[in-house]
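Colleague: sequence unknown, structure follows:
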């Protein structure tokens, strides 16, 4: 097999001018052919050098990179597994279910559509069993040790009222929902008022409270009423009293995702906004508390579905 370069060199030797006279046309053709073969020779030389460089690179790859390829591939696979593991909690939060209790198959509303929205039944499905809520609210009990007059705003089904009764702390409840009020009274709580909380704080008379508590209430209130509620609470608190308002944490993806499952929710309230609002009406110390996390020292607020503003007078 003749190598291309050998063939070209032989052709150049063959086309080299002879010693004798030559026909001008033949000489011209010979010179043109010789030039073409000379150009081809230079191109072949370049390709041979380029091929040699490639061969050296391939040899270097075989001796250095390829032995490490298996380890490199294993490292990539491990990194991908770690990335998937770290992303899995985020995906589960995006898939957050909009209810706390599994709706029982036999669930039926306690009132018909013509009688209004059954919020008691709604809470039993979407907020969860009373036992669960009461257990989650136990974290607030230390704030009320030694208190003698506590107000529970939006007392709902009465979970917080029961916590206070178990600790012999006098408590008053107010709620706008007549079914909720009836449920609390059926549990033996006599000092329960069916009223708009802001209006009740304006109109009711009596001694000042030394603590005002609300859980999952302020997100139901239009902003103008919320401002009045915080201001009226400050006025009705005795010196040294504490104002605690728990609400949905919009910094949490899953909590924010399901916020509007409750059609009576008005808007989510960021803790910074509530802290500003409390300070603006006169509260001195205002802190953010994460009841199901690290309390006042929660390191990752976005992981918590609820927060409570804790303001002292």
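Modeller: On my side now, so go ahead. This is a predicted model, so every value here is computed, not measured.

Colleague: C-alpha from now on. contacts and neighbour counts both.
Modeller: OK.

Colleague: give me the mean pLDDT for the one helix or strand residue 123 maps to.
Modeller: Following DSSP states H and E, the helix or strand that holds residue 123 is helix 119-126. The average pLDDT within helix 119-126 is 76.

Colleague: report the buried residues of that helix.
Modeller: Buried residues in helix 119-126, counted by 16 or more other C-alpha atoms under 10 Å: 119-120, 123-126.

Colleague: got the contact list for residue 146?
Modeller: Residue 146 makes contact with residue 169, according to C-alpha atoms under 8 Å, 6 or more residues apart in numbering.

Colleague: helix or strand right after the helix holding residue 123?
Modeller: Later in the chain than helix 119-126, the nearest helix or strand by DSSP H and E is helix 130-137.

Colleague: now that following helix against helix 119-126, angle please.
Modeller: When axes from the mean of the first three to the mean of the last three C-alpha atoms, to 10 degrees is applied, the directions of helix 130-137 and helix 119-126 differ by 70 degrees.

Colleague: show me the contact partners of helix 130-137.
Modeller: Under the criterion C-alpha under 8 Å, 6+ apart, residues 124, 127, 157, 159-160, 163, 291-292 lie in contact with helix 130-137.

Colleague: hmm, 6 Å instead?
Modeller: residue 159 (C-alpha atoms under 6 Å, 6 or more residues apart in numbering).

Colleague: rounded mean pLDDT for that helix, please.
Modeller: Across helix 130-137, the average pLDDT comes to 90.

Colleague: sheet partners, orientation included, of the helix or strand following that helix?
Modeller: Counting by DSSP H and E, the element after helix 130-137 in chain order, helix or strand, is strand 150-153. With DSSP bridges as the test, strand 150-153 is paired with strand 171-175 (parallel), strand 209-215 (parallel).

Colleague: quick one: the next helix-or-strand element following strand 150-153 to strand 209-215, angle?
Modeller: As assigned by DSSP H and E, the chain's next helix or strand after strand 150-153 is helix 159-166. Angle, helix 159-166 to strand 209-215, by the same axes, to 10 degrees: 140 degrees.

Colleague: what's the offset of helix 159-166 from the middle of its chain?
Modeller: Helix 159-166 has its C-alpha centroid displaced from the chain centroid by 32 Å (C-alpha atoms, centre = their mean, to the nearest Å).

Colleague: and it, what does it pack onto?
Modeller: If you count contacts as 3 or more C-alpha pairs under 6 Å, 6 or more residues apart in numbering; DSSP states H and E, helix 159-166 packs onto no helix or strand.

Colleague: in contact with residue 221, which residues?
Modeller: Counting by C-alpha under 6 Å, 6+ apart, residue 221 touches no other residue.

Colleague: the stretch 201-313 of the chain: strands as residue ranges?
Modeller: Assigned by DSSP state E, counting those that start in this stretch, the stretch 201-313 of the chain shows strands spanning 209-215, 237-248, 286-289, 306-312.

Colleague: who touches the second one?
Modeller: Contact with strand 237-248 is made by 208-216, 306-313, as judged by C-alpha under 6 Å, 6+ apart.

Colleague: tell me which residues of it come out buried.
Modeller: Using 16+ other C-alpha under 10 Å as the test for burial, strand 237-248 gives 237-238, 241-248.

Colleague: swap in the third one?
Modeller: By neighbour count on 16+ other C-alpha under 10 Å, the buried set for strand 286-289 is 286-289.

Colleague: if you count neighbours, what's buried in stretch 47-66?
Modeller: Of the residues in stretch 47-66, none is buried (16+ other C-alpha under 10 Å).

Colleague: average model confidence for it?
Modeller: 76.

Colleague: what comes into contact with it?
Modeller: Outside stretch 47-66, not one residue touches it by C-alpha under 6 Å, 6+ apart.

Colleague: likewise for stretch 201-220?
Modeller: 149-154, 236-238, 241-247, 264-268.

Colleague: rerun at 8 Å
Modeller: With contacts defined as C-alpha under 8 Å, 6+ apart, stretch 201-220 is touched by 144, 147-155, 226, 232-233, 236-248, 264-269.

Colleague: who's in contact with residue 313?
Modeller: Contacts of residue 313 by C-alpha under 8 Å, 6+ apart are 234, 237-242, 282-285.
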